[in-house]
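K.L.:
Sequence first, then the predicted structure, then my questions.
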Amino acid sequence: MVRLDEIENALDIEQETELEDISEADSLEEDRAALLANEVGRRTNVLADAYPFSISENGEKLSFLPELNFGRLSYLICLILNNSWTSGRLQAPLRLTNEELRSARDIFEVVSLFAALGRTGGPGFLLGTNRAGAEALLRRLRDVCEKVGEGRARDAVPAAAPPAANDDGVDIISVELEPDGPPMRVFSFGQSASGQNFKDKPIKNLVEGFLDIWFDTQPQNTEAAMYIPAILDQNDLRYYNGRLGLMIHRPRLAAYAQRGFELYLQNQELVHYVDDVDAPQAFYNAYLRRIETDVA
């Protein structure tokens, strides 16, 4: 058993339901438990098999569900990552170490890729992995166009390209195909924003310039999506959707990631440039071993 305020914590849920001070009043304890239980129930309805907890009858404790599928794993990685930054609620030893935070960026990109795959049906391409520079990025973009059958990347790195471009702000491309070929239903350009500064990364503004610099022939139907480990309320979703791009926050991300991983298991050719699809599980396992050792 794990306390609600240890990980999927009461403060996190209370802030989203405007209950910041409710835990201070003993007379409201029953209401607090009911409201928290309702919120967990809502998340369960949204996430279905991708939600990794069940709640006790009194609304105070969460239990890990016995089987950790990819959606639940994605949710937990988001939860731990989002609460490990300076303003997060996890304290040592549960908080990720600096070394783990550096690794978590790449892990979150993999999780985000599967979420992108789950949204569009694939294929999905991870551009930022290995961060090998502009030439490697251009080769990958040519490969994307060839595999998808739409668009044409430039023959050489353009003079306007950033000198040290690794992904030039676009971490992920995923495509929703049409059965009779291009133009495809959607070419989705995504950014995996694992930190707290996602508000400073408007992928929506980057896509137009990215297409202009790197493509001779641009795909016709494009969108910009941002993948984040945080949970946003409905007002924030509307605000940032209009300014940053389509916001794929934690509940959406985990549900889509589960669907994407299921698609991958059916057809592994849908996923490209991921060195190790088991890396998120390995990262989570290593985190558990570390905190067990630290606690002991």
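P.N.:
Okay, I see it. Residues are numbered from 1 along each chain as shown.

K.L.:
Helices of the stretch 51-200 of the chain, residue ranges please.
P.N.:
According to DSSP state H, counting those that start in this stretch, the stretch 51-200 of the chain carries its helices in the segments 70-82, 98-120, 134-148.

K.L.:
closest one to residue 282 among the ones you listed?
P.N.:
helix 98-120 (8.8 Å; C-beta to C-beta). The C-beta positions use only the backbone N, C-alpha and C, and glycine is treated the same way.

K.L.:
picking up where we left off before, could you redo the helices of the stretch 51-200 of the chain as JSON lines and give each row distance to residue 280, mean neighbour count and mean pLDDT?
P.N.:
Below are the helices of the stretch 51-200 of the chain laid out as JSON lines (distance: least, C-beta to C-beta, whole Å; neighbours: other C-beta atoms under 10 Å; pLDDT from 0 to 100):
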{"stretch": "helix 70-82", "distance to residue 280": "6", "mean neighbour count": "25", "mean pLDDT": "93"}
{"stretch": "helix 98-120", "distance to residue 280": "5", "mean neighbour count": "23", "mean pLDDT": "96"}
{"stretch": "helix 134-148", "distance to residue 280": "21", "mean neighbour count": "18", "mean pLDDT": "92"}
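
K.L.:
Including distance to residue 251, could those go into a markdown table?
P.N.:
Shown next, in a markdown table, are these (distance: least, C-beta to C-beta, whole Å):
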| stretch | distance to residue 251 |
| --- | --- |
| helix 70-82 | 8 |
| helix 98-120 | 11 |
| helix 134-148 | 28 |
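
K.L.:
out of those, nearest to residue 294?
P.N.:
Taking these one by one with C-beta to C-beta, helix 98-120 is closest: 12.0 Å.

K.L.:
rewinding a little: show me the one of the helices of the stretch 51-200 of the chain that comes nearest residue 241.
P.N.:
helix 98-120 (14.3 Å).

K.L.:
Pull the number of nearby residues for residue 165.
P.N.:
By other C-beta atoms under 10 Å, 20 other residues sit near residue 165.

K.L.:
show me what contacts the closest residue to it other than its chain neighbours?
P.N.:
Leaving aside its sequence neighbours, residue 165 sits nearest to residue 134 (C-beta to C-beta, 6 or more residues apart in numbering; 4.3 Å). Going by C-beta atoms under 8 Å, 6 or more residues apart in numbering, residue 134 touches 157, 161-166, 168.

K.L.:
ok, now residue 240?
P.N.:
Contacts of residue 240 (C-beta under 8 Å, 6+ apart): 199, 226, 232, 247.

K.L.:
Drop anything exposed from these.
P.N.:
Listed as buried from the contacts of residue 240 are 226, 232, 247; burial here means 16 or more other C-beta atoms under 10 Å.

K.L.:
Need these in a markdown table (columns: distance to residue 294 and secondary structure).
P.N.:
Shown next, in a markdown table, are those (distance: C-beta to C-beta, whole Å; DSSP: H, G, I helix; E, B strand; the rest coil):
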| residue | distance to residue 294 | secondary structure |
| --- | --- | --- |
| 226 | 33 | strand |
| 232 | 31 | coil |
| 247 | 34 | strand |
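
K.L.:
which residues sit in contact with the nearest residue to residue 154 once chain neighbours are set aside?
P.N.:
With sequence-adjacent residues excluded and distances taken as C-beta to C-beta, 6+ apart, residue 154 is closest to residue 216, at 5.4 Å. Applying C-beta under 8 Å, 6+ apart, we find residue 216 in contact with 152-155.

K.L.:
so how many other residues sit close to the closest residue to residue 82 other than its chain neighbours?
P.N.:
Spatial nearest neighbour of residue 82, excluding adjacent residues (C-beta to C-beta, 6+ apart): residue 229 at 4.1 Å. By other C-beta under 10 Å, 29 other residues sit near residue 229.

K.L.:
Now do residue 229, the pLDDT please.
P.N.:
As predicted, residue 229 sits at a pLDDT of 94.

K.L.:
try residue 201
P.N.:
The model's pLDDT for residue 201 equals 80.

K.L.:
any low-confidence regions in the protein?
P.N.:
The chain contains residues with pLDDT under 70 at 1-36, 58-62, 86-88, 129-132, 164, 295-296.

K.L.:
and it, what are its domains?
P.N.:
Listed domain ranges for the chain are 1-67, 106-276 (source: automatic domain parsing).

K.L.:
among the ones you listed, which is nearest residue 95?
P.N.:
Between residue 95 and the domains of the chain, the shortest gap by C-beta to C-beta is with domain 1-67, which sits at 11.2 Å.

K.L.:
What does residue 224 show for phi and psi?
P.N.:
Backbone geometry at residue 224, expressed as degrees, to the nearest 10, gives phi -120, psi 130.

K.L.:
Many thanks, we can stop here.
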